[in-house]
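Trainee: This is a predicted model, with the sequence first.
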Amino acid sequence: MYLKSLMIKNFRKFGIENNKVKFVDAKSYQKQQNEKKLNIAPTTTLIVGKNNGGKTTIVKALDNLINHNKDAFKANDFNFTYLKKLLEYYDEIFNGDRSSEKINTPYLQFNIDIGIEDANNDLITNIVHFMRLDDINNSELNIIVNVELEDEEVFISNVRKLLEKKHNQTVRFRGFLDLINSSSFNINYYNRDLNKIENFKLRNLIELRPIKANNIESEKSLSKAFSKIIEYRYNTLLGNEENEINSKISDINNDLTRLISEKHTNGLNESLGEIESNEKLQVLLSADLNFQKMMNTLIKYEYVERGMNIPENQFGLGYTKLMMIIADLIDYMEKYPENSFNSKVNIISIEEPETFMHPQMQELFIKNINEAIASLLKDRNKNVNSQLIITTHSSHILNSKIHSGNTFNNINYISIKDNHTNVVNLQDDTIIPKSKKGGIERKNDLEFLKKHIKYKVSELFFSDAIIFVEGMTEETLLKFYIDNNEKLNKYYISIFNIDGAHGLVYHDLISILKVPALIITDLDIKRNEEEKKGFKQICDLKDRVTTNETIKKYNGDYKLGTLQDNNFNINNMYITYQDKIEGYYATSFEEAFILTNYNNLILNRVLLKIKPDIYKNIIKKNKRFRNVKESSFLLQRKLTNNKSDFANTLLYQLIIETEDERFPSLPEYIEKGLTWLLRKLGEEE
Amino acid sequence: MNLLKISTLNKQKEQKSLKAIFNSIDKSESFIFNAGAGSGKTYALIESLKYVIRNYERILKKHNQKVICITYTNVATREVKERLGNTDLVLVSTIHERVWELIRFYQKELVEIHTEKLREEIYSLNQKLKFGEEYRKYQQLDTTQKENFKKIMIENKDLFYQNYSVKAAPLKEVFHPLLKEYSDILRNVSHFRKIVSTVYKVENYYKCYKNIKSNEKGYESVEYNSIYNSDLLHNMQISHDTLLDYGLKIIERYDLLKQIIVDKYPLIFIDEYQDTDQTVVSIMSYLEKYAKNIGHKSLIGYFGDTAQNIYDKGVGSKITEIHSDLNYIIKEFNRRSTKEVIEVINKIRNDEIEQRSIYDDCEGGSVKFYEGTQVDVREFINKYIEEWDITEKNQLHCLVLTNKTVAQYSGFENIYEAFKETDKYKGLKYNQLNTELLSNDLYKLGEIPKLLFNIIRLYNNLKNINTPVIDILPRSNFFEDMKLEELKELVNTLNQVEGKTLGEYIVSMSAIYNNNNNNNKYKKLVDWTLGFEGITHELFSNYLIERLFNNKSDDDVEHANNTIEKLLKINIDEYEVWYKFISEKQVEKVIYHTYHGTKGLEFDNVIIIMENAFGLNRNYFNHFFENIANSGDLEDRDKQKFEQTQNLLYVSCSRAIRNLRILYIDDVSNFENGIKGIFGEIHPFEKNLKT
């Protein structure tokens, strides 16, 4: 059995949609169980996202349901938007015409899917009440957990009293919260058909061991962690010798107690007798040593660094943390008997393990854990029947997961949309949809994405917005322009420079992640050899075709004559390309830039600097900027091999330019795109 | 759309009758709330419960007290729970479940009552053996002979049951060698069977009695299980009725128990009191009187309508004799029907309750009375299917008098006909078939119908992949320590059971059962479904014969065998139709009900098919219409009969929300005035004539 998904409704930042967190799928889980080789990466579920998005809430929800009682839920655990709406609803019911016999009351809902592997020996004792005949073959069942009022009628009549007081909004809402806080809630379980299941407790079915972010409580933490490991190894590897040690410990206890009692106890009691008669009061001193205490206190851990012994408290925090996580894992696994039947789902959650770890260590985190556990458990035929959940905001750990597991599966990306937590379940199948492409091509795309993403992970998952560009000129210039844009520079905007056809591979992922993405592409107008030689300026798109894959994809074909607008807007993606500028259609960014700024001094200066002969030839004696405009395609062709030079010189000029000179403008299609982006980002807030 | 607007004035008036209830609650005075059909009785019940929760929550919680609410059916239980919302203060359930919860922990006392019951049963059986006409041959034996005879028969119990349904000659052949000295007793085979059965019963009861006395394991507690409706007294298992009897006895006898119940449950509400067993009312009366004596608070609230008492066992208007000093509260609003329907039903009940609609927009319904003949029925229904745009969503509900018609129209006529031929349900017991084969209330199903119901439920559950696993055997400890693979295997095994007819299904079920594999879980499940162990198809049909037939002359045996054969040969699909009818899972345009079967329900469109006769009674509805004018002068039986018919007519007509049609398929010329007084004009139903 394993936890397949968890849907969270109305709890904290979670609303009523995009609220489903998915965990490892059956395939990887089963594979893991069948393979002797230990690799926790595929069975690890990653919950990744920016701060304050709701990552911790997910584990908190499970922890509350499993390890705490019903009182764990307070008014603050309800989604406030939901409560506000509920209060408005009461207002309507009690004061308006609307009447209804059954009145809604606040509730939280957690919808849990449990997956069942094939050919499985798990006991069904805990789950049978939730199973339908169908579930036996579908290997899945559904548990609905509602945190609901113990007494609805009492609550409703209290709300009525509250509303009668006609407080202002704020006071009323606070009163409502107080009312929720003072009401008792029950945790009720329902099956798929919403029939109530009595006598069930989630803790009978799921066991959760949360490993918290701040588990380094004292300087002795590491010792304790090592003790656990040593104790485990001691028990495991020594077997019978354990008794021997224990009997030695008990001997020591006896000897010490005798010694203490001879030398101290009697004396102490004599002194005490002076104050109070010994019949009433006596003290008894005895030694109390046990295995664990011995490990904790008698063994000293030191870290040997270049021949120097360094004490524990000087040991790097990162290593301490890693060791402690490993110790916790070992300790947890140790509790499970070997080769016995399972009737439970076992979950370990590790919260933000990246704290105190330097990037390379984060990158290797999963690999390290794997190896440590494998070596510690090597001598035992232990059935590691646990699911691991890691919450993180480290792009390195995310990378590590993608690459050790070689898949995007089992990654939940958490962000905030419209004030609510938005969960995105990454799956290879949705990132590169199966339907669209043939097998091999799809595989290649996926492989490309995995490799390419390695350097882009943090941009993709943690930026506020992404701008895709197709050349280094745009990349260089846009960075400058955005930096200088007082509105846009408040956001964390990443710029991806990737050629159109490759950029397309990202589009499904982008649309799943819902990050606002501005995709700046080019018309890439196809010219025949003759036109190329003659540097033909193009002022009409009729009968023209493009070589640009992005335009082809969204326009349906290569024909430019059928283009409606100069952009495609699909949800969170805005694809923009050149419109007619000064009478001409530009084929690339450079050309569009030249067309837009043909009479700008800075641009002209740069052109002169990079291509003096060509520029002079164009501008001729009359020095009419119009000539630049008329030769935009020629200039763009000539610049092909000097793009970097062009971009950098332009940038240099822009930076050193004094304020009184007019800056060249961005082409209109990009300005429009940026306007869209700004609006989109504004909506997000 | 109509039936939506309620004026403020009417709202306030309705509130008044609720206030009367609330008043009684505040004063802790027991009451009886009488309100006509469709008056929102359940609404009043829910509001009363809410009132208690609102105002007494703190004090009830402080004393760890709860409110009991008793409903008439499981369906009603669910409805009340849903409408009430979550609360820990109110326990909603049917009467049997509640009574069992109240007394089950007093096993010492229950076993004592059970012992008495056994003694009584043994006594009365012995009386039969001593003086009964059919036991003459046994009486003629001397004491030693009797003992010997008993010994031989007890030793050959299996043999006896194996030959339970054979004819006289082979039976004699089997037992002659064993009973040489007493061959006379075999002369009348029917009597012989009776004697032996009684001997076994006495033996069983006596054994049980002894086991209780010697504290044998398994005899220290009485068991009640709602899924079977049979007394297996010697197995310490009791039926629904016996449960209520024991409940009454134990409460009557033990003051401490009375006090525990009263103190723990200071308020008890009972819905549909009129059809509640008298025993229950007696229990309530005892509790309340006792509470008064010791000065504790106790309130019993009855919700119902005397005019809707349609079951003989129900307490009906006798309630005030059994439970005296009740506050009498009535409500005159109708929340269900259109004005046109209300006018008619008021005329039928003709008592102090004259309903009027609570809605301002209550017009727009229609009631018409037609006269026709038996052959018109189909045509009549078809006419209204068309006229009222009847679909599976907008259903037409057709009330007919007899089971036969319901069975016939609904599609399980063969089952009905076969049952009608059994001793248990033929002749005077014919009326019982109404309830025991067709009741939507599972508690009312007879023993064999319930057995078949259990089997078909299993069959139907297995067919539907959405069935909760727990429903195939609703006992949680069955699944304890079961592995997923075992469950899979169990379901696979169950799915191997197949058959076109019930008989084939049973043969298949038995074959797998006796196939000696390690299918213990399967065996347990089958045992539990049937209520007995070790199924073979012979055992099954003998079981049916034994429970459905009494006398065993040769002709009888043949008849019994043939009837059972008929039952077994019926297509299992037909049983499924019956099952869906019982459990109200039908998806059809027209749903057929008996008059009795519609209790508490309401439908937009209702057609009632009516005739003179009902059951064995040739003059039923005509008797009613003929005597309307002079009903005050009727006496005793006639009066009782009149009231019975009146109640039944009232219940059936008041189901309609908008449209009500009655088709009377006998000649009405003798009592036209009676009909016109209620329904107005009598329309002749002419075929081919479309309105």
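Mentor: Cool, got the structure.
Trainee: residues from chain B in reach of chain A?
Mentor: Applying Cβ under 8 Å from any Cβ of the partner chain, we find that chain B lies next to chain A at B:43, B:46, B:50, B:53-54, B:57, B:82-89, B:461-462, B:464-470, B:472, B:476, B:479-485, B:487-488, B:491. All C-beta spots, glycine's among them, are computed from the backbone N, C-alpha and C.
Trainee: Looking at these, which are in helices?
Mentor: Among the residues of chain B next to chain A, the ones falling in helices (DSSP state H) are B:43, B:46, B:50, B:53-54, B:57, B:82-84, B:461-462, B:469-470, B:472, B:484-485, B:487-488, B:491.
Trainee: Now do the buried residues in the host helix or strand of residue A:231.
Mentor: Using DSSP states H and E, residue A:231 falls within helix A:221-233. The neighbour-count check on helix A:221-233 (16 or more other Cβ atoms under 10 Å in any protein chain shown) flags A:221, A:222, A:223, A:225, A:226, A:227, A:228, A:229, A:230, A:231, A:232 as buried.
Trainee: which of the residues of chain B next to chain A count as buried?
Mentor: For the residues of chain B next to chain A, a burial check counting by 16+ other Cβ under 10 Å picks out B:43, B:46, B:50, B:53-54, B:57, B:83-87, B:89, B:461, B:467-470, B:472, B:479, B:483-484, B:487-488, B:491.
Trainee: List the contacts of the residue in the stretch 1-150 of chain B that chain A sits nearest to.
Mentor: At 3.6 Å from chain A, residue B:85 is the closest residue in the stretch 1-150 of chain B, using Cβ to the nearest Cβ. Residues in contact with residue B:85 (Cβ atoms under 8 Å, 6 or more residues apart in numbering or on different chains) are A:102, A:103, A:105, A:149, A:152, A:153.
Trainee: at 7 Å instead, please
Mentor: A:102, A:152, A:153 (Cβ atoms under 7 Å, 6 or more residues apart in numbering or on different chains).
Trainee: now residue B:161
Mentor: Residue B:161 is in contact with residue B:542, counting by Cβ under 7 Å, 6+ apart.
Trainee: Over to it. Which of the three states is it?
Mentor: The three-state label given to residue B:161 by DSSP: H, G, I helix; E, B strand; the rest coil is helix.
Trainee: do you know how far it is from chain A?
Mentor: Remark: distance between residue B:161 and chain A (Cβ to the nearest Cβ, to the nearest Å) = 36 Å.
Trainee: try residue B:251
Mentor: Distance, residue B:251 to chain A, by Cβ to the nearest Cβ: 27 Å.
Trainee: Listing request: residues of the stretch 1-150 of chain A with sub-threshold pLDDT.
Mentor: The model of the stretch 1-150 of chain A has pLDDT under 70 over residues A:25-42, A:96-101, A:118-120.
Trainee: what about the strands in the stretch 1-150 of chain B?
Mentor: For the stretch 1-150 of chain B, the strands defined by DSSP state E, counting those that start in this stretch cover B:31-35, B:67-71, B:90-94.
Trainee: what's the last one in contact with?
Mentor: In this case it means strand B:90-94. B:49, B:66-71, B:73-74, B:77, B:80-81, B:84.
Trainee: quick one: low-confidence parts of the stretch 451-600 of chain B?
Mentor: Using pLDDT under 70, the stretch 451-600 of chain B drops low at B:476, B:516-518, B:551-553.
Trainee: Now do the contacts for whichever residue of the stretch 301-450 of chain B sits closest to chain A.
Mentor: Residue nearest to chain A within the stretch 301-450 of chain B (Cβ to the nearest Cβ): residue B:335, separated by 11.3 Å. Contacts here follow Cβ under 7 Å, 6+ apart; on that basis residue B:335 touches B:38, B:39, B:40, B:43, B:358.
Trainee: now swap in residue B:519 and tell me
Mentor: Neighbour list for residue B:519: residue B:493 [criterion: Cβ under 7 Å, 6+ apart].
Trainee: Distance check, it against chain A.
Mentor: Residue B:519 is 17 Å from chain A, by Cβ to the nearest Cβ.
Trainee: Which helix or which strand is home to the residue nearest to residue A:72 when sequence neighbours are not counted?
Mentor: In this structure, residue A:72 finds its nearest non-sequential neighbour in residue A:64, 4.1 Å apart by Cβ to Cβ, 6 or more residues apart in numbering or on different chains. Per DSSP H and E: residue A:64 is located in helix A:55-67.
Trainee: quick one: contacts of that helix?
Mentor: Outside helix A:55-67, the residues within contact range by Cβ under 7 Å, 6+ apart are A:6, A:8, A:11-14, A:21, A:47, A:49, A:72-73, A:110, A:145, A:187, A:202-203, A:206, A:208, A:210, A:349, A:351, A:389, A:391, A:414, A:421.
Trainee: buried sites along that helix?
Mentor: Neighbour counts over helix A:55-67 (16+ other Cβ under 10 Å) mark A:55, A:56, A:57, A:58, A:59, A:60, A:61, A:62, A:63, A:64, A:65, A:66 as buried.
Trainee: after that helix comes which helix or strand?
Mentor: That would be, after helix A:55-67 and using DSSP H and E, helix A:80-95.
Trainee: gap between the helix or strand just after that next one and the chain center?
Mentor: Downstream of helix A:80-95, the next assigned helix or strand under DSSP H and E is strand A:107-115. Here strand A:107-115 is found 21 Å from its chain centre; the criterion is Cα atoms, centre = their mean, to the nearest Å.
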